[in-house]
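Chemist: here's a sequence, model it:
(2 chains)
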Amino acid sequence: MLDVKNIRQNFSLIKKGLENRNADINLEELILSDDKRKEILFELEELRYKRNSVSDKIAELKRAKADANSLILEMREVSARIKTLEKDLSDTEAEINKRLIVIPNIPHSSAPVGKNEADNKLVKKEGTPKNFDFEPKAHWDIGEALNILDFERAAKITGARFPLYYGAGARLERALINFMLDIHTIEHGYKETLPPFIVNRNSMTATGQLPKFEEDLFKIKGTDYFLIPTAEVPVTNIYNNEILAEANLPILHTAYTPCFRSEAGAYGKDTRGLIRQHQFNKVELVKFVKPEDSYAELETLLKNAEEILKRLKIPYRVVTLCTGDLGFSAAKTYDIEVWMPAQGVYREISSCSNFEDFQARRANIRFKREGKKKTEFIHTLNGSGLAVGRTFAAILENFQQADGSVTIPEALVPYMNGIKKIGCLTS
RNA sequence: GGAGAGAUGGCCGAGAGGCUGAAGGCGCUGCUCUCGAAAAGCGGUAUUCCGUAUAAACCGGGAUCGUGGGUUCAAAUCCCACUCUCUCCGCCA
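Modeler: Numbering: from 1, shown residues only, chains lettered A, B, ... in the order given. Next comes the predicted model:
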């Protein structure tokens, strides 16, 4: 959420920022509503002051057993006026909030200006794609041949876009989760967190999934609860409505959760394999930091996520999202894209974002500096570290052998109970 | 699912229409005392908004006692609804 004061003070800058991300927002009307709010508030507070002081006087008179009837009659009218003004005020505030809550975050100055995905800026490439002396197969073909993935039966159980793993495949998925969590907790200092997988509307609104993107979510019928699309939602909301101590910052959490996305509007896109599922596993990294640190923290967040791919020895590249491709809540985002040999493309496997104070405002997460009275909004960041299903797919494709088997990346072998290779016999 | 109890500041806990943003205690913190510490004494110790196109401090004012509504000149206090917590019974991984 943007600050109305900030919108007033930096009007043209914010207008420009919203244009850059292709958002059509009427800021002028928002300001008009805010003018109206101020006007109402001004009169209302004056009347409340009057009511409070006269009520004291009435109390005094009554204590002295004197007559207070004329004052009471006068206050009756004042109170009626207060009531109307209060209604006006809450209506106006609701109107302002309704406008404010659908305005996306303003891109950071370092986010390249651009229309869409094509304008994203390459930051770097790591690792060299392997040259296969055979035609590399797609991970769904490899997985089904090894009998470690079964999309057909998953569709029978639930429907399209649900995963079903067996044997060494199920083990590999679990190994990846443990591997990622171990690195982030032991080496990178994040606190392991296992949050609820179902959250309420307030949490979804705080992180920015609601109110605009409800059709992307799975909602639990008969309740106002939703399946989480990412651990970002429950984990960011851990500190909802709290004032944190400066000494405790930064606060780092990592969480494994399944993620549920309706993928509305993605019909016909990535219909095969693990890339786009309604349910997938992800290890998430979430940071709560001081404003002045947040861009340095974004760089380390990115490094922490990259580290997983480096250890697994899978080639990837990093891009900075352009203004037009930024998510609703983000001010700046790096995507990590992993090399998928069968399609010969890089596919997103992690998205690392700085939300600045955008989510903190919505979630009302603040902190207080040592010795200062004033509270400030913290900055939140998060990134996948990594999407497990897509990592699984990348391993299958990058480590496939001519005979259809898949070797396990060395770093993962201890997590696989010593299994070094998934072949037809081991599955 | 059935029956009951409750929600007040960082914590404990009083308050039961007006003098209560809220007694008292604990905690934290500043000062006095001390070579230093302890003890004792004195003080401070929630958040937020407005004061109308600028920031900090102060000052003046508004709001906040789980949330929302109602009664009243006046609500932490009375009424209604909701949410959450706890206890007992039943069921259950």
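Chemist: mind listing the helices for the stretch 51-200 of chain A?
Modeler: For the stretch 51-200 of chain A, the helices defined by DSSP state H, counting those that start in this stretch occupy A:69-100, A:139-145, A:151-157, A:167-182.
Chemist: what residues of the lowest-mean-pLDDT helix or strand in chain A count as buried?
Modeler: One helix or strand of chain A scores below all others by mean pLDDT, DSSP states H and E: strand A:243-245, with a mean of 87. For strand A:243-245, burial by neighbour count (16 or more other C-beta atoms under 10 Å) applies to residue A:244. Bear in mind the C-beta positions are built from the backbone N, C-alpha and C, glycine included.
Chemist: the next helix or strand after that strand pairs with which strands, and in what direction?
Modeler: The helix or strand immediately downstream of strand A:243-245 is strand A:251-260, counting by DSSP states H and E. Sheet pairing for strand A:251-260, assigned by DSSP bridges, gives strand A:191-193 (parallel), strand A:279-289 (antiparallel).
Chemist: out of the ones you listed, nearest to RNA strand B?
Modeler: strand A:279-289 (16.3 Å; C-beta to the nearest atom of the strand).
Chemist: would you mind giving the helices of the stretch 51-200 of chain A as a markdown table with distance to RNA strand B, mean pLDDT and mean neighbour count added?
Modeler: Converted to a markdown table, these look like this (distance: least, C-beta to the nearest atom of the strand, whole Å; pLDDT from 0 to 100; neighbours: other C-beta atoms under 10 Å):
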| stretch | distance to RNA strand B | mean pLDDT | mean neighbour count |
| --- | --- | --- | --- |
| helix A:69-100 | 3 | 92 | 14 |
| helix A:139-145 | 30 | 97 | 21 |
| helix A:151-157 | 20 | 95 | 13 |
| helix A:167-182 | 20 | 97 | 20 |
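Chemist: out of those, which is closest to residue A:114?
Modeler: helix A:69-100 (25.8 Å; C-beta to C-beta).
Chemist: ends of stretch A:383-401, what's the gap?
Modeler: 31 Å (C-alpha to C-alpha, to the nearest Å).
Chemist: kindly report the same for stretch A:120-131.
Modeler: 27 Å.
Chemist: same check, this time on stretch A:184-191
Modeler: End-to-end distance (C-alpha to C-alpha), stretch A:184-191: 8 Å.
Chemist: next, residue A:319: secondary structure please.
Modeler: Classification of residue A:319 by DSSP: H, G, I helix; E, B strand; the rest coil places it in strand.
Chemist: so it touches residue A:334, yeah?
Modeler: Yes. Using C-beta atoms under 8 Å, residue A:319 is in contact with residue A:334, at 7.0 Å.
Chemist: tell me, what's touching the two both at once?
Modeler: residue A:123 (C-beta atoms under 8 Å, 6 or more residues apart in numbering).
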